[in-house]
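Asker: Following is a predicted model, sequence given first.
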Amino acid sequence: MKDHAPLRWTAHSRIEYTPEEVRTWGVVFRELTKLYPTHACREYLKNLPLLTKHCGYREDNIPQLEDVSLFLRERSGFTVRPVAGYLSPRDFLAGLAFRVFNCTQYVRHGTDPLYTPEPDTCHELLGHVPLLADPKFAQFSQEIGLASLGASDEDVQKLATCYFFTIEFGLCKQEGQLRAYGAGLLSSIGELKHALSDKASVKMFDPRTTCHQECLITTFQDVYFVSESFEEAKEKMREFAKTIQRPFSVYYNPYTQSVDLLKDTRSIENVVQDLRSDLTTVCDALGKMNKYLGI
């Protein structure tokens with residue numbers, strides 16, 4: 001299964017933003033970067049300076065998706081693809097399965113730079129991209145997408161809701177403090193402050209209950225969900241994905257950048273052979289390291 005291939009960028013892919021759009025971006029960038037040191041998770045804080053260096057993240061410049069996509073591909077294997085607006089949950093999650101993040105390029109209206117009812121380039125570039133550059137977080141995003149392939153509409157909606165309350169509005173614990181990793185929070189000045197305040201209702205993330213929570217678009221969320229780490233959230237989603245009924249399992253093949261359907265003995269044996277080869281390489285490296293350390 002090969003789809004959602006990385007976009008072939010051309011000179012026409014680069015956007016010439018208007019001075020008003022750059023000013024709007026600048027207001028959002030300036031105000032959010034004041035909050036990040038005390039509100040954003042450490043993975044976000046690690047990657048934002050790299051995006052400044054390699055992709056032109058500045059108050060007076062809106063980064064180009066082509067530059068961002070090339071950066072992400074080197075960091076986590078993800079790429080971005082420009083879209084005009086909302087996709088259906090099934091189409092959006094399917095893109096994640098192939099390590100493709102569908103991304104808008106328009107800028108919110110300048111009369112209200114601190115709010116947008118739909119995801120704009122401020123949301124995509126400041127909310128999503130810094131964490132998609134983290135391999136563990138990127139894998140977490142991809143696994144939600146993989147779980148959606150071949151799932152029923154009802155199960156896709158449950159996965160989309162879990163995505164909403166993790167990738168979009170998730171919180172994590174770091175050094176005893178709540179920190180935001182959700183893109184909806186990291187691109188919203190008001191809600192970022194609210195989610196980490198005493199006024200917010202916070203519960204532990206559990207996909208079995210989170211999947212039934214109402215997603216709010218025009219107001220702050222009624223509740224936010226916290227995980228101890230990305231790894232914990234990923235493991236919970238893996239267990240939840242096992243409850244989804246479908247006639248096959250899937251495996252992302254990084255060599256061909258395609259998704260293999262595991263529906264018979266031969267397809268499973270092919271994956272086992274690849275994994276065995278990778279494991280042999282790891283064991284060889286461990287043996288050399290132990291020999292070097294005298295263990």
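Answerer: On my side now, so go ahead.
Asker: use CA for all of it now, contacts and neighbours both
Answerer: Noted.
Asker: Check whether residue 106 sits in a helix, strand or coil.
Answerer: When classified by DSSP: H, G, I helix; E, B strand; the rest coil, residue 106 comes out as coil.
Asker: Point out where the stretch 1-150 of the chain drops to low pLDDT.
Answerer: Along the stretch 1-150 of the chain, the parts satisfying pLDDT under 70 run over 1-12.
Asker: I'd say residue 26 and residue 60 touch.
Answerer: Yes. Shown here, residue 26 and residue 60 form a contact pair, counting by C-alpha atoms under 8 Å, at 5.8 Å.
Asker: For these two, indicate the residue with more neighbours.
Answerer: Per other C-alpha atoms under 10 Å, whichever of residue 26 and residue 60 has more neighbours is residue 26, with 19 against 16.
Asker: Identify all contacting residues around whichever helix or strand the more buried one is part of.
Answerer: Here residue 26, judged by DSSP states H and E, is contained in helix 19-39. Helix 19-39 is contacted from outside by 45, 58-62, 107-110, 113-114, 122, 126, 178-180, 186-189, 192-193, 196, using C-alpha atoms under 8 Å, 6 or more residues apart in numbering.
Asker: burial count for residue 132?
Answerer: Residues near residue 132, counting by other C-alpha under 10 Å, number 28.
Asker: Sorry, slip of the keys, the one I care about is residue 177.
Answerer: By other C-alpha under 10 Å, 11 other residues sit near residue 177.
Asker: got the phi/psi numbers for it?
Answerer: Residue 177 adopts backbone torsions of phi -120, psi 150, taken as degrees, to the nearest 10.
Asker: follow-up on the earlier one: mark which of the contacts of helix 19-39 are buried, thanks.
Answerer: Listed as buried from the contacts of helix 19-39 are 45, 59-62, 107-108, 113-114, 122, 126, 178-180, 186-189, 192-193, 196; burial here means 16 or more other C-alpha atoms under 10 Å.
Asker: Run through the strands of the stretch 1-150 of the chain in chain order.
Answerer: Ranges of strands within the stretch 1-150 of the chain are 79-82, 100-103, based on DSSP state E, counting those that start in this stretch.
Asker: How far off centre is the last one?
Answerer: Relative to the centre of its chain, strand 100-103 is centred 9 Å away, using C-alpha atoms, centre = their mean, to the nearest Å.
Asker: In terms of secondary structure, what does that strand contact?
Answerer: On a contact count with 3 or more C-alpha pairs under 8 Å, 6 or more residues apart in numbering; DSSP states H and E, strand 100-103 meets strand 79-82, helix 89-97.
Asker: Need these in JSON lines (columns: mean neighbour count and distance to residue 265).
Answerer: JSON lines is the format used below for these (neighbours: other C-alpha atoms under 10 Å; distance: least, C-alpha to C-alpha, whole Å):
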{"stretch": "strand 79-82", "mean neighbour count": "22", "distance to residue 265": "32"}
{"stretch": "helix 89-97", "mean neighbour count": "22", "distance to residue 265": "23"}
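Asker: Tabulate the ones you listed in JSON lines, adding columns for distance to residue 148.
Answerer: Shown next, in JSON lines, are these (distance: least, C-alpha to C-alpha, whole Å):
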{"stretch": "strand 79-82", "distance to residue 148": "19"}
{"stretch": "helix 89-97", "distance to residue 148": "7"}
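Asker: can you tell which of these is closest to residue 213?
Answerer: Nearest of these to residue 213, taken as C-alpha to C-alpha: helix 89-97 at 15.9 Å.
Asker: by contact count, what packs against that closest one?
Answerer: Counting contacts by 3+ C-alpha pairs under 8 Å, 6+ apart, helix 89-97 is packed against strand 100-103, helix 135-148, helix 153-163.
Asker: Pass me the low-pLDDT residue ranges in the stretch 151-295 of the chain, would you?
Answerer: Answering for the stretch 151-295 of the chain: the residues below the bar, that is pLDDT under 70, span 267-271, 274-275, 277-278, 284-285, 287-288, 291-292, 294-295.
Asker: follow-up on the earlier one: nearest to residue 264, out of the strands of the stretch 1-150 of the chain?
Answerer: Nearest to residue 264, of these and by C-alpha to C-alpha, is strand 100-103 at 27.1 Å.
Asker: Only C-alpha atoms, please: export that closest one in PDB.
Answerer: Presented in PDB, the C-alpha positions along strand 100-103 are these (Å, rounded to 0.1, in the frame of the first residue of the first chain):
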ATOM      1  CA  VAL A 100       3.000  12.800   5.800                       C
ATOM      2  CA  PHE A 101       1.500  15.700   7.700                       C
ATOM      3  CA  ASN A 102      -1.100  17.700   5.800                       C
ATOM      4  CA  CYS A 103      -0.500  21.400   6.400                       C
END
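Asker: Nice, that's everything, thank you.
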